[in-house]
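> Attaching a predicted model along with its sequence, questions to come.
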Amino acid sequence: MGGAEACLLDALAVLRQARPEWKLSVVLGEDGPLSRRAAIYGAEVYLLPFPADLARLGDSGRSRSSLAVRLLSGAPSALRYRHQLGTLFRSMKPDLIHTNGFKMHVLAALAKPHESGLVWHIHDYVSSREVMAKLMRRLSSRTDAIITNSRHVAEDTRSIVGDAANIVPILNVVDLEEFTPEGPVLDVDRLSGFPTAPAGTIRVGLMATLAWWKGHRLFLQGLAGLDRALPVRGYYIGGALYKTQSQESLDDLRRFAKQLGLGDHIGFTGVVSKPAAVMRVLDVVVHSSTEPEPFGRVIAEAMACGKAVITAGLGGAAEIVAGNQCALTFDVKRPESLTEAITKLAEDAGLRNRLGSNGLSTARRDFGRERLARELPPVYEEVLSRVHGTKFTRAAGA
């Protein structure tokens, strides 16, 4: 699952505990691990599959030359899906609808019943998506609140939808029962097709989707610049989670690594279902996004596992590592600065341990689900009270 899907699970978990009398329902565009895990929290799951052409539509790629054509080709599917969604909403009669992705923000704003409150949960920058920004500016008046995953995204969203919108920044949290220093581990060498690394090897990993701005090539360049005498092995953990076209190719990344001469200095594990089990075997987690990160969930997860982190610290990521007591930062315009940071941590076990310990303390203090349980339900209740004209006491659908 991607970060936005994990955030949805966090919301379900805290709502089930904080407001057990509420009825929770989840509408998903495709079946998968999210539907099964949502059911664990007692949510009623509705599958309303996205048509293939609608699923492929994206507005965040480096080249937008064919965007208009792709949007036009997907328009009939979007209209049909909007009608299906409206029919489902009318049968469900939700008191509140919480949308979790750009396409659903737009579709739900168009399809929602008049009597249902609407909360957009924005996990990414709106301003970088030319077409989506225009749509959301036009439809924002239909929302009752907009949650963002960082203050940085809140400022960006406000620049698009205006000052009248009710924007509430709520930083992401992580499951501190899953992301811990102790627990099961995965053999990243075997997953990469490598023999077990020699004792004393420093394992450095990038965990990310294949979205082009996640900095996979920058990570590989940083590894390629290392002194080969250093006992370092790198790992890319991840793959394609989405159907949009704004992604790197895993085969291209393998070829690029070969061109850099990395050989057995980099392993590609593919997508893993238990990221915490991989983080526990890494010594250093690199977050190499080349553009401002809306939040940087991997950073908080790595901190919760007690791992030293290297990050560019752009955008919302800066809100996680404020003070730099739990991470090293580097300049994305200088791949050699990433090499320097990796070298520093590879050579200094004491620094790795200090950063990991500071990060663990920060994660436990600031990024547990307990904070979300304090911050999210009041947003819902304020919206419900305003929409229904009185203090809301009935069960609420999410």
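Perfect, thanks for sending it. Nothing here was measured: the structure is a model prediction, and the numbers come from that model.

> what separates the lowest-mean-pLDDT helix or strand in the chain from the chain centre, distance-wise?
Every helix and strand of the chain was ranked by mean pLDDT, DSSP states H and E. The lowest is helix 52-56, at a mean of 73. Mean C-alpha position of helix 52-56 versus that of the full chain (Cα atoms, centre = their mean, to the nearest Å) differs by 20 Å.

> same question, stretch 298-305
That offset, for stretch 298-305, works out to 13 Å (Cα atoms, centre = their mean).

> what does that stretch rub up against?
3, 172-174, 176, 179-181, 207-208, 275-276, 279-280, 282, 285, 287, 309, 311, 317, 320-321, 326-327, 356, 359-360, 362-364, 367 (Cβ atoms under 8 Å, 6 or more residues apart in numbering). In short, each C-beta sits where N, CA and C put it, glycine included.

> and that stretch, average pLDDT?
Here stretch 298-305 scores 97 as its mean pLDDT.

> Likewise for stretch 118-137?
Mean predicted confidence for stretch 118-137 is 92.

> do stretch 251-265 as well
Averaged across stretch 251-265, pLDDT comes to 94.

> ends of it, how far apart?
In stretch 251-265, first residue to last residue: 17 Å (Cα to Cα, to the nearest Å).

> What of stretch 141-160?
12 Å.

> Spell out the residue ranges of the helices in the stretch 251-398 of the chain.
275-279, 297-304, 317-320, 335-347, 349-366, 369-388 (DSSP state H, counting those that start in this stretch).

> Please name every helix or strand in contact with the least confident helix or strand of the chain.
Other elements packing on helix 52-56 under the criterion 3 or more Cβ pairs under 8 Å, 6 or more residues apart in numbering; DSSP states H and E are helix 67-92.

> hmm, which of the contacts of stretch 298-305 are the buried ones?
3, 172-174, 176, 179-180, 207-208, 275-276, 279-280, 282, 285, 287, 309, 311, 317, 320-321, 326-327, 356, 359-360, 362-363, 367 (16 or more other Cβ atoms under 10 Å).

> Now do the domain split for the chain, please.
With domains defined by automatic domain parsing, the chain comprises 3-173+368-388, 188-366.

> Deepest in the core, which of those domains is it.
The highest mean neighbour count among the domains of the chain, using mean count of other Cβ atoms under 10 Å, belongs to domain 188-366: a mean of 19.

> measure Ala373 to Leu24 for me?
According to Cβ to Cβ, to the nearest Å, Ala373 stands 14 Å off from Leu24.

> wait, Leu253
Distance, Leu253 to Leu24, using Cβ to Cβ: 39 Å.

> Could you do Thr339 as well?
47 Å.

> and the helices of the stretch 251-398 of the chain as JSON lines, adding distance to Thr148?
Listed next are those as JSON lines, based on distance: least, Cβ to Cβ, whole Å:
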{"stretch": "helix 275-279", "distance to Thr148": "23"}
{"stretch": "helix 297-304", "distance to Thr148": "14"}
{"stretch": "helix 317-320", "distance to Thr148": "11"}
{"stretch": "helix 335-347", "distance to Thr148": "28"}
{"stretch": "helix 349-366", "distance to Thr148": "17"}
{"stretch": "helix 369-388", "distance to Thr148": "11"}
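
> Sounds good, over and out.
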